[in-house]
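> need coordinates for the below:
(one chain, ligands or ions: 1)
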Amino acid sequence: MKPLIKLTGFVKSCLLLLPITFLFYPFTKLMLFLSYLNKLLVWIYGNKKKFEYREPVAFNRNYNNRYNLYKYISDNYLKDNSEIVYLEFGVAGGTSFKWWLNENKNDSSRFYGFDTFEGLPENWGMFFRKGDMQHQESQVQDNRVKFVKGLFQDTLVPFIQENRGDLKSAVRKIVHMDADLYSSTIFVLTQLYPYLQPGDIILFDEFNVPLHEFKAFNEFIKAFYIELKPLGAVNNYLQVAFVVK
Ligand SMILES: C[S@@+](CC[C@H](N)C(=O)[O-])C[C@H]1O[C@@H](n2cnc3c(N)ncnc32)[C@H](O)[C@@H]1O
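Residues are numbered from 1 along each chain as shown. The predicted structure is shown next:
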């Protein structure tokens with residue numbers, strides 16, 4: 001073992017003096033993408049049978065199928081309109097937010113929506129630019145709702161401090177991750193980790209994007225040793241839900 005450690009040390013010294021691996025630098029993004037694409041596929045093949053609700057792989061994606069997953073969760077996990085704390089990260093025009101608001105009529109439920117409402121804070125992949133998805137803050141006449149405007153990185157920590165009681169209560173939390181970006185997703189998951197309890201549900205809206213939500217999910221479960229039980233998947237694993245174990 002020791003000679004091997006010495007050899008790695010020697011190779012590292014050589015590379016510091018003559019960094020020939022710079023030759024591969026232009027391909028870093030591609031290699032990372034391929035690596036995470038494979039991790040994603042391996043993860044799906046290893047876990048697909050564990051999902052209790054799973055729609056078959058289809059060539060025509062229908063974004064509205066995400067409501068089938070929401071409905072499954074609502075009918076099977078939130079029976080009799082049970083009280084929930086719903087936290088959505090990435091509200092934009094409020095389409096998914098309003099679905100949950102209309103579905104759960106419990107007077108004691110709370111619905112928190114986080115967004116800059118000024119669009120994405122950075123470019124997302126090849127097709128979406130910083131500032132895309134800008135929307136007016138939704139006007140909702142429901143006193144169970146609170147929108148938290150601003151970057152999650154600025155608003156979530158003060159929100160947690162103010163609402164610790166709510167987050168620590170036994171009421172089931174639905175954490176809906178729809179911010180698309182790796183940075184936003186990893187930030188939120190790591191901040192919410194201390195408040196996640198068995199039975200809480202985490203929903204991803206773009207799970208099968210290798211270098212964004214999937215990468216954040218993968219690093220989160222590995223860094224925190226948290227067990228998330230697969231619950232449901234639709235749209236070729238684009239929308240995926242887990243229950244905290
Ligand atoms: C795909 S949209 C949300 C769509 C919405 N859930 C729906 O179903 O209609 C993504 C949103 O995430 C927001 N977002 C992404 N990262 C953010 C961050 N770090 N802080 C605040 N908002 C962020 C963007 O402003 C954008 O409105």
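> gap between stretch 140-156 and the chain center?
Stretch 140-156 has its C-alpha centroid displaced from the chain centroid by 18 Å (C-alpha atoms, centre = their mean, to the nearest Å).
> mind checking pLDDT for the residue of the chain found nearest the ligand?
Ranking the residues of the chain by distance to the ligand (C-beta to the nearest ligand atom) places residue 90 first, at 3.0 Å. C-beta coordinates here come from the backbone N, C-alpha and C atoms, glycine included. Looking at residue 90, its pLDDT stands at 98.
> that one contacts residue 188, doesn't it?
No: counting by C-beta atoms under 8 Å, residue 188 is not a contact partner of residue 90; they are 9.3 Å apart.
> now for these two: what residues contact both?
Shared contacts of residue 90 and residue 188 (C-beta atoms under 8 Å, 6 or more residues apart in numbering): 114, 177, 179.
> let me see the contact set for the last one.
In this case it means residue 179. Counted by C-beta under 8 Å, 6+ apart, residue 179 has contacts 89-90, 152, 185, 188.
> near the ligand, which residues of this structure? Just list them.
Within the chain, the positions near the ligand by C-beta under 6 Å from any ligand atom are 90-93, 95-96, 115-116, 119-121, 133, 151-153, 178-181, 184.
> strands of this structure, residue ranges please.
Using DSSP state E, the strands of the chain run over 53-54, 84-89, 110-115, 145-149, 172-177, 201-204, 228-234, 239-244.
> now do the helices in the chain.
Shown for the chain, the helices assigned by DSSP state H span residues 2-17, 28-47, 66-77, 95-103, 152-162, 164-168, 182-192, 213-224.
> so which elements touch the third one?
Spelled out, that is helix 66-77. Identification of packing neighbours for helix 66-77 by 3 or more C-beta pairs under 8 Å, 6 or more residues apart in numbering; DSSP states H and E yields helix 95-103, strand 201-204, strand 228-234, strand 239-244.
> 6 Å - rerun?
Using 3 or more C-beta pairs under 6 Å, 6 or more residues apart in numbering; DSSP states H and E, the elements in contact with helix 66-77 are strand 228-234, strand 239-244.
> what about it, average pLDDT?
On average, the pLDDT along helix 66-77 is 98.
> now do that helix: distance to the chain's middle.
Using C-alpha atoms, centre = their mean, the offset of helix 66-77 from its chain centre is 17 Å.
> let's see it as PDB, backbone CA atoms only.
Extracted in PDB, the C-alpha atoms of helix 66-77 (Å, rounded to 0.1, in the frame of the first residue of the first chain):
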ATOM      1  CA  ARG A  66     -46.700  15.700 -13.500                       C
ATOM      2  CA  TYR A  67     -50.200  16.200 -12.200                       C
ATOM      3  CA  ASN A  68     -50.800  12.400 -12.200                       C
ATOM      4  CA  LEU A  69     -47.900  12.200  -9.700                       C
ATOM      5  CA  TYR A  70     -49.200  15.100  -7.600                       C
ATOM      6  CA  LYS A  71     -52.600  13.400  -7.500                       C
ATOM      7  CA  TYR A  72     -51.100  10.100  -6.500                       C
ATOM      8  CA  ILE A  73     -49.200  11.700  -3.600                       C
ATOM      9  CA  SER A  74     -52.300  13.600  -2.500                       C
ATOM     10  CA  ASP A  75     -54.600  10.600  -2.600                       C
ATOM     11  CA  ASN A  76     -52.200   8.200  -1.000                       C
ATOM     12  CA  TYR A  77     -50.200  10.300   1.500                       C
END
